[in-house]
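Peer 1: Next come a sequence and a model predicted from it.
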Amino acid sequence: MSNEVTVVLQDRKTGQRRNYTINVNNNENILELTKSVEKITKIPSEELEVVFCGKKLSKSTIMKDLSLTPATQIMLLRPNSVVKTATSSSKFQTTDSSILGSFYVWCKSCDDVRRGKLRVYCQNCESTSVLVKAEPQNWMDVLKSKRIPVTCENCCRPGLYAEFKFKCLTCNDLAAALTHVRGNWQMAECCICDGKEKIIFDLGCNHISCQSCFKDYLLSTLQEFHFKNRPPYGFTVSCVYPECNRVVQDVHHFHVMGQSSYSEYQRKATERLIAIDDEGVTCPNPSCGQSFFWEPYDDDGRSQCPDCFYTFCRKCTERDCVCQSEDDLTRTTIEATTRRCPKCNVATERNGGCAHIHCTSCGMDWCFKCVTEWKEECQWDHWFN
Amino acid sequence: MSDAAARRLMKELNQLKTENPAGLLIDNTITSHDLKQWKIGVVGAEGTLYAGEVFTLQFTFGPQYPFNSPEVMFVGDTIPAHPHIYSNGHICLSILSDDWTPALSVQSVCLSILSMLSSSKEKKHPIDDAIYVRTCNKNPSKTRWWFHDDSV
């Protein structure tokens, strides 16, 4: 299969910069690409260095391993010095197909987990004509900005950093990296169904589950909203393995539940977050339910929903406030029958069992008798009233 | 019962039969035709309050197993007297409700219950036993438990 590829030639000798469209066969290698360029430009192929994804490619790299699309640009660099010394070539590590790595993304367009590819851009001019000065060592190096310094052949500014983007290998759209998904290179068994699948979820603890089981696990967690608030990750789930404390660190993984369940997750997580925040409120209008933060500035105890414009008293949630009236039974009943979780302040009723409360909102273990964290003395003395 | 649930239960059953873990008696009447309900005998460990006593645990699996926890309770004439076991057989153990995870299994549940029996210091039912037994749902999974301690 042959493809048209756009190459950008930076000729340091003449200071010229030109674009060419080259027809290349997918099975050809980089050496053959430079020969094709030589035919058009008359620049000897051995003087051309090929830069792609922030790195200098080895001449033996096969084109198809680069996952090129018609929009991709490859940079060809003709250095100033004709003599290619060992120092100039060792300045940047040459590489081959291993730059593709083996990682997965959530692709919105495909609506599924897909193999991903990593692309590198100049943080300033967004050009692909960049060379990285250091290899990314971990996920943070590519997910956070200003971690990997680059030189950009396009804007040539000093002190530049790389900007990494993930794309879907299937449809080439931008996609979100899934750091907990990997290939099952050891063909290990899913700890739920014992199946051996090619793509697996691993929260970094090596307790693996297949995509189908991970999805069912999330859906069963969503049923009664057992997602736990674990800052800074938000409402999330822990590893399926008993007593393993690893959690899903990025909500993009929850997309495997499907669009409607993901929306439900977002809505419920927002409600929970609002419920534990002093300045958060959920609109009591039955047809709305929007959660929002109220402005503490110049507050009279009433708020207006930014979505449906319903105005209400935050205390009694009524449009015509009943806080001052004597028959505010709801409020007095709640005050009389509940105690508040010492961590998240959620009103908690105890209608049986022992004094050990496990908060279903924030996950805190507390004592209903002391209204503080559950301690060993509560264990012995406050078990029952 | 879903295919996935049946497959997983068959695997667990075969494993239990081959491994034959100490302290557990596997009922030979459990067959692949009806995996929905199992009865497993647990034998109190030597040197504990329940040494030599045999109790029967009943597991009932829903179609969502192992993503939803199985319903587990003691059945039969002898229900162990234990601070976390009600006289109607209901067991208060966090892994049977909130702390259930699909990576747990029938075997791990049985062993947790055995260890719960072994660490007991007195043979008596929970203090709220009388009221609980009168008011609870028949299915212990429907009870919201407040005990969350496995050390007794």
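Peer 2: Ah, there it is.
Peer 1: what about the helices in the chain?
Peer 2: Just so you know, I chose chain A. A:30-41, A:86-91, A:139-143, A:211-223, A:259-275, A:329-337, A:376-381 (DSSP state H).
Peer 1: Wait, chain B was what I had in mind.
Peer 2: With DSSP H as the criterion, chain B has helices at B:3-19, B:106-118, B:129-135.
Peer 1: which helices and strands sit right next to the second one?
Peer 2: Counting contacts by 3 or more CB pairs under 8 Å, 6 or more residues apart in numbering or on different chains; DSSP states H and E, helix B:106-118 packs against helix B:3-19, strand B:24-26, strand B:37-43, strand B:54-60. C-betas here are computed from N, CA, C, even on glycine.
Peer 1: One more: the last one?
Peer 2: Applying 3+ CB pairs under 8 Å, 6+ apart, one finds that helix B:129-135 makes contact with no other helix or strand.
Peer 1: can you list the residues that contact that helix?
Peer 2: A:352, B:86, B:87, B:88, B:90, B:126 (CB atoms under 8 Å, 6 or more residues apart in numbering or on different chains).
Peer 1: same thing but at 6 Å, please
Peer 2: B:86, B:87, B:88 (CB atoms under 6 Å, 6 or more residues apart in numbering or on different chains).
Peer 1: What about those residues, which are in strands?
Peer 2: Using DSSP state E, no member of those falls in strands.
Peer 1: Just give the number of residues close to the closest residue to residue A:228 other than its chain neighbours.
Peer 2: Ranked by CB to CB, 6 or more residues apart in numbering or on different chains and with sequence neighbours excluded, the top spatial neighbour of residue A:228 is residue A:363, at 4.4 Å. By other CB atoms under 10 Å in any protein chain shown, 17 other residues sit near residue A:363.
Peer 1: Repeat that for residue A:194.
Peer 2: So residue A:194, with other CB under 10 Å, has 14 neighbours.
Peer 1: quick revisit: just checking, the residue nearest to residue A:228 touches residue A:227?
Peer 2: No: with contact defined as CB atoms under 6 Å, residue A:363 and residue A:227 do not form a contacting pair (9.8 Å).
Peer 1: before we move on, back to that, export the helices and strands packed on helix B:106-118 to CSV and append columns for mean neighbour count and distance to residue A:47.
Peer 2: Shown next, in CSV, are those (neighbours: other CB atoms under 10 Å in any protein chain shown; distance: least, CB to CB, whole Å):
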stretch, mean neighbour count, distance to residue A:47
helix B:3-19, 15, 60
strand B:24-26, 17, 75
strand B:37-43, 18, 75
strand B:54-60, 18, 74
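Peer 1: Dump the ones you listed to CSV, plus distance to residue A:34 and mean pLDDT.
Peer 2: Formatted as CSV, the helices and strands packed on helix B:106-118 follow (distance: least, CB to CB, whole Å; pLDDT from 0 to 100):
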stretch, distance to residue A:34, mean pLDDT
helix B:3-19, 53, 89
strand B:24-26, 70, 91
strand B:37-43, 69, 93
strand B:54-60, 68, 95
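Peer 1: who wins for proximity to chain A among the ones you listed?
Peer 2: Nearest to chain A, of all the helices and strands packed on helix B:106-118, is helix B:3-19, at 6.0 Å by CB to the nearest CB.
Peer 1: Which residue ranges of the stretch 1-150 of chain A form strands?
Peer 2: A:2-11, A:16-25, A:49-52, A:55-57, A:73-78, A:94-95, A:104-107, A:112-122, A:130-132, A:149-152 (DSSP state E, counting those that start in this stretch).
Peer 1: where does chain B have low pLDDT?
Peer 2: The model of chain B has pLDDT under 70 over residues B:32, B:141-152.
Peer 1: Excluding chain neighbours, what is closest to the one residue in the stretch 151-300 of chain A that gets nearest to chain B?
Peer 2: Using CB to the nearest CB, the closest approach of the stretch 151-300 of chain A to chain B is made by residue A:220 at 3.8 Å. Using CB to CB, 6+ apart and skipping the chain neighbours, the partner closest in space to residue A:220 is residue B:67 (3.8 Å).
Peer 1: Format the helices and strands packed on helix B:106-118 as CSV; extra columns: distance to chain A.
Peer 2: Listed next are those as CSV, based on distance: least, CB to the nearest CB, whole Å:
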stretch, distance to chain A
helix B:3-19, 6
strand B:24-26, 18
strand B:37-43, 19
strand B:54-60, 17
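Peer 1: Of the ones you listed, which is nearest residue A:124?
Peer 2: Across the helices and strands packed on helix B:106-118, residue A:124 has its closest neighbour in helix B:3-19 (51.3 Å, CB to CB).
Peer 1: what's the spacing between that closest one and its chain's center?
Peer 2: When distances are taken as CA atoms, centre = their mean, to the nearest Å, helix B:3-19 is centred 17 Å away from the chain's centroid.
Peer 1: and the angle from it to strand B:54-60?
Peer 2: Relative orientation of helix B:3-19 with respect to strand B:54-60: 160 degrees, computed using axes from the mean of the first three to the mean of the last three CA atoms, to 10 degrees.
Peer 1: ok, back up a step: quick one, which of the strands of the stretch 1-150 of chain A is nearest to residue A:292?
Peer 2: strand A:104-107 (27.5 Å).
Peer 1: Taking chain A, what residue is nearest to chain B?
Peer 2: residue A:353 (3.1 Å).
Peer 1: what's around the residue lying closest to residue B:122 once chain neighbours are set aside, how many residues?
Peer 2: What sits nearest to residue B:122 in space, not counting adjacent residues and going by CB to CB, 6+ apart, is residue B:83, at 7.2 Å. For residue B:83, the neighbour count with other CB under 10 Å is 20.
Peer 1: Look up how far residue B:91 lies from residue B:83.
Peer 2: Distance of residue B:83 to residue B:91, computed by CB to CB, to the nearest Å: 11 Å.
Peer 1: cool, residue A:50 as well?
Peer 2: In terms of CB to CB, residue A:50 sits 67 Å off from residue B:91.
Peer 1: quick one, strands of the stretch 201-350 of chain A?
Peer 2: Counting by DSSP E, counting those that start in this stretch, the strands of the stretch 201-350 of chain A are A:209-210, A:228-229, A:235-236, A:280-282, A:291-293, A:302-304, A:311-313, A:338-340, A:347-349.
Peer 1: Of all the residues in the last one, which ones are buried?
Peer 2: What it means is strand A:347-349. residue A:348 (16 or more other CB atoms under 10 Å in any protein chain shown).
Peer 1: May I have the strands that pair with it, each with its orientation?
Peer 2: Sheet pairing of strand A:347-349 (DSSP bridges) gives strand A:338-340 (antiparallel).
Peer 1: Point out the residues in the stretch 151-300 of chain A that sit beside chain B.
Peer 2: For the stretch 151-300 of chain A, the contact set with chain B under CB under 6 Å from any CB of the partner chain comprises A:191, A:192, A:193, A:194, A:216, A:217, A:220, A:240, A:241, A:242.
Peer 1: Appreciated, that's everything.
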